[in-house]
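[1] show me how the following folds:
(3 chains)
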Amino acid sequence: MNRKIYLYFLTATLLFNISGNCRVLEVGKDKAFHSISQALDLAGNGDSIFVYPGLYKERELIIRKTIYLKGINYPVIDGENKYGVFIIQANNVVLDGFKVQHSGRSEITDIAGIMLESCHGVSITNNILDDTNFGIYSQHASNCFIKNNRITAYGKNEVQSGNGIHAWRSDSLYIIGNTITGHRDGLYFEFVTNSLIWRNISHKNVRYGIHFMFSHHDTYISNVFEQNESGVAVMYTNHIKMFNNFFLDNWGAAAYGILLKDITDSDISGNHFTKNTTALHMEGCSRINLYKNIFINNGWAVKIQASCDNIDFTKNNFIGNTFDIGTNGSLVLNTFNGNYWDKYEGYDINKDGVGDVPYHPVSMYSMIIESNAAALMLFRSLIVTLLDKSEKVLPGITPENLKDNTPQMKPWPL
Amino acid sequence: MIETKNITKKFGKLKALDQVSVTFSKGECVALLGPNGSGKTTLIKSLLGMVVPDSGEIFFNQKPIKQQWAYREKIGYMPQIGRYPDNMTIAHVINMMKDIRRGSRSVLDEELINSFGLDKILQKKMRGLSGGTTQKVSACLAFLFSPDVLILDEPTAGLDPVSSEKLKQKILDEKEKGKLVLITSHVLSELDDLITEVFYMQEGQVLFHKKLTALIEDTGELKLSKAITSFINNHHSLTVV
Amino acid sequence: MKKILKYVMVDIVQNKIVLIYTALLLIISLSIFNLEDSAAKGMLSLLNIILILVPLICIIFSTIYVYNSAEFIELLVSQPLKRKSIWLSLFYGLALSLCIAFFVGAGIPILFYHADSTGIMMILTGIALTIVFVGIALLAGVLARDKAKGIGFSILLWLYFSLIFDALVLFLLFQFQDYPLENVMVVFSFLNPIDLGRIQILLKMDISALMGYTGAVYRDFFGSSMGIIISFLGLAAWIFLPVYFSLRIFRKKDL
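    Predicted coordinates:
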């Protein structure tokens, strides 16, 4: 992708060359320019600015021209804890190889390390952002690449820190291979559509690994969301695709591997949910296909509120979870088919690999805990085991229709 | 040698010992007599520290025995019913006792082991022994360490006449050596030629404690059993009158 | 004391029941690990064994042993021995041999199939519960003179600790649902050695779930290394107190 942009840029440069107006401006201690802002002032559309190593304390570098801005060996641009660093307002700008640090913070405006304002075709690649308020902030941007950036912050609480990659009213963003940590939300989208989020790692953020709403038709592939304070929460969105993502080690009463609220018409497949308090929490969701996901060693693999309908669980593996499914009502409008449940105790007489009796994944005690959380401390005691066994024989509390009629005897090879 | 001062022991409402004061001296062979439940065994157990009196004191060689244990080195005890860990052989039990009391006596008196013939069945397990053989083991253990004091609870009960005779002879020998021997027994006639003193209890109280010679003089009866019966009758009539 | 301990040990180890108990544990744990699809599932089944079977066998066997040894104890008491050493030897002998039985029967299979922190915690808990219930058995044995009464008392105690106590707690939880009970629950768990052990294992097995639903109190308390230490101190108290009281009674007991 990077190469493609580069070629595209080269052609642009060539075009400018023809018009006889293309230069390379060098910024450095012993170069023609000592500051980037000087170079920016003098540069024209299509010019390149090469910035050599050094510490540059510059305020709000506003880029209004189509410029190829290249950092050589990570020159450091310092916002002195007061200012935003790069503000890109032109199309087709390339910003590559900078270290951006110590942006300012403000209660009134959103200050970012790199801000994209109403532009398209911009590439932000290979940058290191350290201790910025917002890392990369995109508003009204489209067709932009945000790739291979390392974004680190040291947020202590939700109020005082910004998001790693924050996008608002943007379209067709390509967010690839970034590593984000220590921000409020690693990735935050509001009204971001038709975008691809691929191979990012978002971990140890103060709030969510990713948080989005009203961001339709986005695709999430092979991202890792790990040890975020509140896991992942996504809302009010339709037509999302989530494939092969990892949701790991999100612990806490309000932490979810992923929380889906009012998500509709979506596909969730091949994801790994490991060691989360609640791996997958759904409320108000409709028409979601969940297949070939792996739930391992979670407290609750799935919590599905009665407000969900037409959720289809097929061919998922449930292994080593304390509770497989939790729910808050007896109405069941969702289906479970052909999943592997390691707690299944049925038999398979005809040896077709499918258990001959249905599996009820909701245990009675999970219903009790739902109404009285402190009761979890009695879990695995004799009295609780007896209660659960008697419920299995004579169901009274657990929803009878919530069952998998074709439970697998062996886990799916996922 | 052993002295009790006003010891009282109650089991619930029952007074097993009621203000019992008595002195047993060296070289005596005392018969502890009395009907069932008169407090004989309780007295013995008190001397051994197995029962703790509610009040009163017990002295062994002028020293109080309360919370003490070392004085028991000088006592050999043969319980009424001896029971031992089932899985042990006779040899184990004897060795265990030797082990436990090691150092208390360097010379071991194994005479009874041989005369009872236990040395031939040392490898038998305690579980399989008859009541009589178990009694023999108990007797051997009581005499094994040549203690200064021998306390024998119903020693001949369950023993065959031959063994019984052997045991009596052993008791006599020990008495001759100047040891104190306390014996309880129901079968009075067996004790005739052994004892020097009679200690008779009834309902937890001492009815009398007399030298055998004095008892015979008082009653004019030569047989121990008869002497006691006539004494009790006299005594009883005296108290009644 | 060593001398008596030696003989008590020899006697107990030769006792067929301890051997049967060892074999039973061994068969159960081996079959669990071999029949279950995953070792983790095997651990779950084994948890029930440790929390239910181990206390039951330990308390009943020890109580019966104390009663069956009555005459032997009597014999020892008449010997020049301290009562304290006799009683403690009995305790150490029972605890040691049952611990060995547990370790051979369940500990080694666990180490073989599942030697992680959960497995180690299970072994530690099993051993602690073994000792606790030997102690409780001694107390029951010294309190009730009658053998049948004593064994009945033991079974009742076991039932109380493994079932009734938790049922009462569950009942209280729902009666006082509207009150914050977390701190109280921590205190409650110290009132039952089985709960203490269970929670320690729970913290290893179901940590993901616990992190969510019991709030900060449990996580901060039981989850921290300090909490683990305090829990095991609690178990140690459960060992020490019954043994201490049984010893006090035994020292004054008429035999």
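[2] do you know how far the nearest residue to B:Asp86 once chain neighbours are set aside is from C:Asp11?
    The shortest distance from B:Asp86 to any residue other than its chain neighbours is 4.1 Å, reached at B:Arg127 (CB to CB, 6 or more residues apart in numbering or on different chains). Glycine gets a C-beta too; all of them are placed from N, C-alpha and C. Separation of B:Arg127 from C:Asp11 (CB to CB, to the nearest Å) stands at 11 Å.
[3] please enumerate the shared neighbours of those two.
    Taking CB atoms under 8 Å, 6 or more residues apart in numbering or on different chains as the criterion, B:Arg127 and C:Asp11 both touch B:86-87.
[4] the two - which one has more neighbours?
    C:Asp11 (22 against 11; other CB atoms under 10 Å in any protein chain shown).
[5] which residue is nearest the middle of chain C?
    In chain C, the residue lying closest to the centroid (CA atoms, centre = their mean) is C:Leu129, at 1.9 Å.
[6] got a list of what it touches?
    Taking CB under 8 Å, 6+ apart, one finds C:50-51, C:54-55, C:58, C:193-194, C:197, C:235 in contact with C:Leu129.
[7] got the residue ranges for the strands in chain C?
    For chain C, strands defined by DSSP state E do not occur.
[8] look up phi and psi at A:Ser215.
    Backbone torsions of A:Ser215, given as degrees, to the nearest 10, read phi -120, psi 90.
[9] surely it meets A:Thr193?
    Yes - using CB atoms under 8 Å, A:Ser215 is in contact with A:Thr193, at 6.3 Å.
[10] those two - which one has more neighbours?
    The residue with more neighbours, out of A:Ser215 and A:Thr193, is A:Ser215; 28 against 18, by other CB under 10 Å.
[11] do me a favour and average the pLDDT over stretch A:75-93.
    Here stretch A:75-93 scores 94 as its mean pLDDT.
[12] report the buried residues of it.
    A:75-79, A:83-88, A:90-93 (16 or more other CB atoms under 10 Å in any protein chain shown).
[13] out of those, the closest to B:Leu108 would be?
    Of all the buried residues of stretch A:75-93, B:Leu108 sits closest to A:Val76, with 93.7 Å by CB to CB.
[14] for the residue of the stretch 1-150 of chain C found nearest chain B, give me its contacts.
    Nearest residue of the stretch 1-150 of chain C to chain B, counting by CB to the nearest CB: C:Glu71, 3.2 Å away. For C:Glu71, the contacting residues are B:79, B:81-84, by CB under 8 Å, 6+ apart.
[15] repeat that for 10 Å
    Residues in contact with C:Glu71 (CB atoms under 10 Å, 6 or more residues apart in numbering or on different chains) are B:79, B:81-85, C:255.
[16] in PyMOL, how would I select just the buried ones from these?
    PyMOL command restricting the contacts of C:Glu71 to the buried ones, with burial defined by 16+ other CB under 10 Å:
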select buried, (chain B and resi 79+82+83+84+85) or (chain C and resi 255)
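[17] look up the residues forming beta bridges with A:Ser123.
    Note on A:Ser123: beta-bridge partners A:Val94, A:Phe145, judged by DSSP bridges.
[18] does it touch A:Asp96 like I think?
    Yes - contact criterion CB atoms under 10 Å: A:Ser123 and A:Asp96 qualify, at 7.2 Å.
[19] quick one: which of these two has more around it?
    Between A:Ser123 and A:Asp96, A:Ser123 has the larger neighbour count (other CB under 10 Å), namely 24 against 19.
[20] tell me the spacing between that one and A:Asn92.
    8 Å.
[21] got the residues of chain B near chain A?
    By CB under 10 Å from any CB of the partner chain, no part of chain B sits against chain A.
[22] roughly how far does C:Phe112 sit from C:Leu44?
    If you go by CB to CB, the gap between C:Phe112 and C:Leu44 works out to 17 Å.
[23] looking at the two, which has the bigger crowd around it?
    The neighbour comparison of C:Phe112 against C:Leu44 (other CB under 10 Å) goes to C:Leu44, with 16 against 13.
[24] look up the closest residue to the more buried one, ignoring the ones flanking it.
    C:Met205 (7.5 Å).
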